[in-house]
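Asker: Turn this into a structure:
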Amino acid sequence: MNLIQKKNIQSEDIKEIVLLLNEPPFKENITLVGLDEMSTFDLGDLVFKIFKYLDPDININARQTQPQDIIFQVTEFLKILSYDVEFTPDWENGLLNGDRKIIYPIYYFLLRNLTALK
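Answerer: Presented below is the predicted three-dimensional model:
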């Protein structure tokens, strides 16, 4: 499987992320500004919403799940999906803190490869 992945997300990629989030099956109705203004929890919940689409058994809530459980579940699922990144402590901290340099590449990978990953 030849999956599309980017480590450095540019403004055009963010526009594509927003476009893909606004299309079925997600229909998020968000804007570039709206995505940029999302809280850490909302960014996480959006990742989990995409995960749930790919695997209906996944049920994670960013506000109600312990940080170590979020890290474990996200890294394990991304590994299963062949997401190519070093899962370092800095990466884990970025994930928990809603660092867009960590989160946006995840969105990009999941959304660009949605059909292949399903």
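
Asker: And the helix or strand that contains residue 76, what's buried?
Answerer: Assessed by DSSP states H and E, residue 76 sits inside helix 67-80. With burial defined by 16 or more other C-beta atoms under 10 Å, the residues of helix 67-80 counted as buried are 70, 71, 73, 74, 75, 77, 78. To be clear about C-beta, it is placed using only N, CA and C from the backbone, and glycine gets the same treatment.

Asker: Also stretch 90-105?
Answerer: Applying a neighbour-count criterion of 16+ other C-beta under 10 Å, the buried positions in stretch 90-105 are 91, 92, 95, 96, 98, 102, 103, 104, 105.

Asker: Could you tell me which of those residues belong to helices?
Answerer: The helices in this structure, assigned by DSSP state H, contain 91, 92, 95, 96, 102, 103, 104, 105 from these.

Asker: Using TSV, lay out those residues together with distance to residue 40 and pLDDT.
Answerer: Converted to TSV, those look like this (distance: C-beta to C-beta, whole Å; pLDDT from 0 to 100):
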residue	distance to residue 40	pLDDT
91	15	97
92	14	96
95	10	95
96	8	94
102	11	97
103	9	97
104	13	97
105	16	98
